[in-house]
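Visitor: how would this look folded up:
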Amino acid sequence: MEEIKRYCAGCGVAIQTEDPNGVGYAPKSALDREIVICQRCFKLKHYNQVQDVELSDDDFLRILNGISSKEALVIKIVDIFDFNGSWLPGLQRSVGSNPVLLVGNKVDLLPKSVNPNRMANWMKAEAKELGLNPIDVHLISAKKGHGIDELAEKIEYYRKGKDVFVVGCTNVGKSTLINQVIKRFGEEDEAIITVSHFPGTTLDLIDIPLDDDANLYDTPGIINRHQMAHYVDAKDLKTITPKKEIKPHVFQLNPQQTLYFGGLARLDYLEGNKRSFVIYMSNELKAHRTKLERADELYDQHIGKMLNPPNEKTLEILPPLVRHEFSLRDGVKTDIVFSGLGWVAIHGKGGRIAAWAPKGVAVTLREALV
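Guide: Residues are numbered from 1 along each chain as shown. Model (predicted):
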């Protein structure tokens, strides 16, 4: 009699009992339980420990590319706080002609001064610039449950009886969102998906029945290597990941002054008039101002100490800071965006700045969001 394959209720991967270091391992005794989770999910849930897995970016993309052969509604989740950093380039190729509902998560992190309607319109315009034309845009906080009921109504309206696939890069809150849906509309004993702030938690498709003929699928998070999360250890990741509403921090800078964001990034004001620089980053990440002529010396003397994070573990893996120089346009409020860290809004006319970030972390300019 053929053994029935078991799957982890946390991450969706096939359970195996032979290789303790392999993907999907669980001890044989775990198979006696009605709900089985792999050792990786067990350690993540109970001890907040993450294990490396032997799956490549190509493996993740292979799973996503299967969506294009199905008729379904695609829910694309982005992190509002890190819109460009959490964007999946080329998603349209993976989903084919299927309609896409764009969902902006972590709306609770933005200052209350941000108008939700303006944010939704901005997201729709940015999506079109990036090659995606969503059928609708919806804002939520998966962690706090804001906007989940309304999103469920939109999903039911747009899916027209078809399957639903939830896609996004790592750490945007896909599994948290689906757990909210399970709590509201699923059975009380439904298994909860493994959720973690560590990148790359969901390993394979996890399906949740919507009705007799359709399912909602959570897909693996695609890893965007240009995000800061992939260059820091778990402790520093907690520090740079916002947990509550961002409190903007304002600095008045003269030319030839520098701002450090911990020791993970740096902004040099090279040329222009005295002006405001408004920082939108985790409230736990401290900024330090110094003269440009002393910036290198300050970094060498205080990295990992006053300029923290990085801590010692992050310092072992952190690439060197790379310089990106930009000219600022007259009359346009500009954001300097550090992928996965936040942004700095610059008000005033013209000028030049240089932004520094670890090699591999994207630094971009955009018209001011706030």
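
Visitor: Surely Lys247 is in a helix?
Guide: No. Applying DSSP: H, G, I helix; E, B strand; the rest coil, one finds Lys247 to be coil, outside a helix.

Visitor: Phi first, then psi, for it.
Guide: phi -100, psi 100 (degrees, to the nearest 10).

Visitor: wait, it sits on Asn283?
Guide: Yes. The criterion here is C-beta atoms under 8 Å, and Lys247 meets it with Asn283 at 5.5 Å. Using the backbone N, CA and C atoms, a C-beta is placed for each residue, glycine as well.

Visitor: Tell me what the closest residue to Gly348 other than its chain neighbours is bridged to.
Guide: Leaving aside its chain neighbours, Gly348 sits nearest to Arg275 (3.6 Å; criterion: C-beta to C-beta, 6 or more residues apart in numbering). With beta bridges defined as DSSP bridges, Arg275 has these partners: Leu253.

Visitor: Show the contacting residues for Arg275.
Guide: Listed by C-beta atoms under 8 Å, 6 or more residues apart in numbering, the contact set of Arg275 reads Gln252, Leu253, Ile346, His347, Gly348, Gly351.

Visitor: Helices of this structure, start to end?
Guide: Assigned helices in the chain, in chain order: 39-47, 57-65, 91-95, 116-129, 148-159, 174-185, 234-240, 295-302, 312-317 (criterion: DSSP state H).

Visitor: ok, residues contacting the last one?
Guide: This means helix 312-317. Residues contacting helix 312-317 (C-beta under 8 Å, 6+ apart): Tyr231, Val232, Asp233, Lys235, Asp236, Ile303, Gly304.

Visitor: ok, so of the residues you listed, who is nearest Asp335?
Guide: Tyr231 (21.0 Å; C-beta to C-beta).

Visitor: Just the buried ones out of the contacts of helix 312-317, please.
Guide: Tyr231, Val232, Asp233, Asp236, Ile303 (16 or more other C-beta atoms under 10 Å).

Visitor: give me every residue that touches the nearest residue to Thr364 once chain neighbours are set aside.
Guide: Of all residues not flanking Thr364 in the chain, Val337 sits nearest, at 4.9 Å (C-beta to C-beta, 6+ apart). By C-beta under 8 Å, 6+ apart, Val337 lies in contact with Asn84, Gly85, Trp343, Ala362, Val363, Thr364, Leu365, Arg366.

Visitor: Please name the bridge partners of Val337.
Guide: Val337 has the following beta-bridge partners by DSSP bridges: Trp343, Thr364.

Visitor: Roughly how far does it sit from Asn224?
Guide: Distance from Val337 to Asn224, counting by C-beta to C-beta, to the nearest Å: 13 Å.

Visitor: Mutual contacts of those two, please.
Guide: The contact sets of Val337 and Asn224 overlap at Gly85 (C-beta under 8 Å, 6+ apart).

Visitor: per-residue pLDDT, Ala191?
Guide: At Ala191, the model reports a pLDDT of 58.

Visitor: my bad, should have said Lys45
Guide: On the pLDDT scale, Lys45 is placed at 72.

Visitor: likewise the one 3 residues further on?
Guide: You'll see Asn48 listed with a pLDDT of 54.

Visitor: Could you shift the numbering so residue one becomes 18, and keep it that way?
Guide: With the count now opening at 18, the last piece we talked about shows up as Asn65.

Visitor: So Pro265 sits against Val295, correct?
Guide: Yes. Under the criterion of C-beta under 8 Å, Pro265 makes contact with Val295 at 5.0 Å.

Visitor: Mutual contacts of the two, please.
Guide: In contact with both Pro265 and Val295: Ala362, Val387, using C-beta under 8 Å, 6+ apart.

Visitor: who has more neighbours, the two?
Guide: Val295 (18 against 13; other C-beta atoms under 10 Å).

Visitor: Tell me the spacing between the nearest residue to that one once chain neighbours are set aside and Leu270.
Guide: Distance criterion C-beta to C-beta, 6+ apart; nearest residue to Val295, sequence neighbours excluded, is Ala362 at 4.3 Å. Applying C-beta to C-beta, the value for Ala362 to Leu270 is 13 Å.

Visitor: any residues in contact with both of the two?
Guide: Listed as contacting both Ala362 and Leu270 by C-beta under 8 Å, 6+ apart are Phe294.

Visitor: can you tell me which residues contact the residue nearest to Asn82 when sequence neighbours are not counted?
Guide: In space, and not counting its chain neighbours, Asn82 is closest to Ser111: 5.2 Å by C-beta to C-beta, 6+ apart. Taking C-beta under 8 Å, 6+ apart, we find Ser111 in contact with Leu78, Leu81, Asn82, Ile84, Ser85, Leu105, Val184.

Visitor: Isn't the fourth one up against Val183?
Guide: Read that as Ile84. No. Assessed by C-beta under 8 Å, Ile84 is found out of contact with Val183, at 10.6 Å.
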